[in-house]
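[1] return a 3D structure for these sequence lines:
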Amino acid sequence: MSLGAPFESAGRPFVLAHRGASAEAPENSARAFSLALAQGADGVELDVMRCGSGEIVVVHDEELSRLAGQPVELRRAPWSVLRGLDVGSWFHPRFSDTRLLLLEEALELLRPPALVNVELKGEGMGDPALPARVSEILSADPAPERFLVSSFNPALLVRFRAAQGRLPHSRRSPRGLLFEAEQSAPLRRASLAPLVGVGSLHPSVDLCRASSIAGWRARGYAVVPWTVDEPAVALALQAAGVAGFITNRPALLREALHGPAQRTTDASPGA
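    Residues are numbered from 1 along each chain as shown. So this is what the prediction gives:
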């Protein structure tokens, strides 16, 4: 099943930076995103949740002790509080001015032709309002086909598909199912993929045997493994036919796969 021209135009696996260039700058931050693009990534993978006042925030953790040093519950806190938190000092003191981003702010940084994999976060049935609001934001972009919406949560993907179904085909974005070895058998084998209507499977790299990739591709899915940081692993997966990679180290992976690119090593405050 095709992911569409933006993901296939290069004729080789695309490279998405996992939460940006997160090995070198705070995850899901403006500097991590800018650095990833400067290092030659085709785009980024980022996480989204809805905060207490309803805005869509780019963040991985629901509880912010790791990122902000405070036990703030993102789903309960209003954006007026969240926007002032320092979410960079945990990574390095020089990133103390790093702040959370709204999805709209992140997309202002990640302009076309950058690819963007938006992961919908949520356990159980998830936040019922999240998929529809994300669909609204993405469909307003000049190039909504450059977005790939993924989740570990099939319920969120079903809701996102329903929201997209009300749009013209040209305004829709492809979807991908995330899974890992720690999940139950139906989930880690992607058994639910046909029910949620995805075009790609996003397995953890430890599930990516050549035979598994061949089987997923035979079923019509593009395969996008995560998190792939070792060049030798990436080359083996490329030979097996994956469509793209999600990596913490986009410069290293891009150079191994596609040759040297201009590399920016300093994610300075002006980056």
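[2] pLDDT score for residue 8?
    Looking at residue 8, its pLDDT stands at 89.
[3] who touches it in this structure?
    2, 243 (C-beta atoms under 8 Å, 6 or more residues apart in numbering). Placement of C-beta: from N, CA and C, glycine included.
[4] residue nearest the centroid of the protein?
    residue 45 (2.4 Å; C-alpha atoms, centre = their mean).
[5] which element, helix or strand, includes that one?
    Per DSSP states H and E, residue 45 falls inside strand 43-50.
[6] what does that strand rub up against?
    Outside strand 43-50, the residues within contact range by C-beta under 8 Å, 6+ apart are 14, 16-20, 28, 32-33, 36-37, 56-60, 62, 74-75, 103, 106, 110, 114-122, 127, 129-130, 133-134, 146, 226, 246.
[7] ok so, going back, how about the residue lying closest to the residue nearest to the centre of the chain once chain neighbours are set aside, phi and psi?
    Nearest residue to residue 45, sequence neighbours excluded (C-beta to C-beta, 6 or more residues apart in numbering): residue 117, at 4.1 Å. The phi/psi pair for residue 117 (degrees, to the nearest 10) reads phi -100, psi 110.
[8] so residue 117 touches residue 176, yeah?
    Yes - counting by C-beta atoms under 8 Å, residue 117 touches residue 176, with 7.4 Å between them.
[9] more neighbours: these two, which one.
    Set residue 117 next to residue 176 and count neighbours by other C-beta atoms under 10 Å: residue 117 wins out with 28 against 25.
[10] quick one, what contacts the more buried one?
    16, 43-46, 147-150, 176, 224, 246.
[11] how about residue 53?
    Per C-beta under 8 Å, 6+ apart, neighbours of residue 53: 78-80.
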